[in-house]
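Visitor: sequence? don't have it. structure:
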């Protein structure tokens with residue numbers, strides 16, 4: 001689709017859904033402070049990607065905003081769900097003619 005991006009990002013390593021993940025606690029003070037995303041997290045990956053694309057757009061003289069402020073993300077926890085999302089992404093461009101933001 002010309003107006004948005006779909007991606008499947010796989011991150012290896014221990015995470016909250018790992019079988020032996022340690023429970024964590026977040027203090028209310030720490031939770032209220034703005035913080036950079038943890039290196040290697042999905043937030044850090046998306047932030048770096050958006051920064052790189054924005055930088056390249058600026059180099060090319062493109063000045064209009066290109067990103068929405070938030071990201072819609074979803075954990076894909078089974079092969080069946082991953083396959084369904086892959087099919088959705090693969091077939092999504094066929095829907096461009098019906099997209100309300102398509103001005104062509």
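Guide: Done, it's in. Here the structure is a predicted model, which is why all the values come from computation and not from measurement.

Visitor: next, residue 74: secondary structure please.
Guide: What DSSP: H, G, I helix; E, B strand; the rest coil gives for residue 74 is coil.

Visitor: roughly how far does it sit from residue 8?
Guide: For residue 74, the distance to residue 8 equals 10 Å [Cβ to Cβ, to the nearest Å]. C-beta coordinates here come from the backbone N, C-alpha and C atoms, glycine included.

Visitor: identify the contacts common to these two.
Guide: In terms of Cβ atoms under 8 Å, 6 or more residues apart in numbering, residue 74 and residue 8 are both contacted by the residues residue 85.

Visitor: helices of the protein, start to end?
Guide: 28-32, 42-59, 79-91 (DSSP state H).

Visitor: quick one: which of those helices is nearest residue 102?
Guide: Closest to residue 102 of those is helix 79-91 (Cβ to Cβ; 16.3 Å).

Visitor: may I see the buried residues of the closest one?
Guide: Counting neighbours by 16 or more other Cβ atoms under 10 Å, one finds that helix 79-91 has no buried residues.

Visitor: what pLDDT does residue 37 get?
Guide: On the pLDDT scale, residue 37 is placed at 74.

Visitor: what sits against it?
Guide: Here residue 37 is in contact with 43-44, 47 (Cβ under 8 Å, 6+ apart).

Visitor: out of these, which is nearest to residue 97?
Guide: The closest of these, once distances to residue 97 are taken by Cβ to Cβ, is residue 47, at 32.4 Å.
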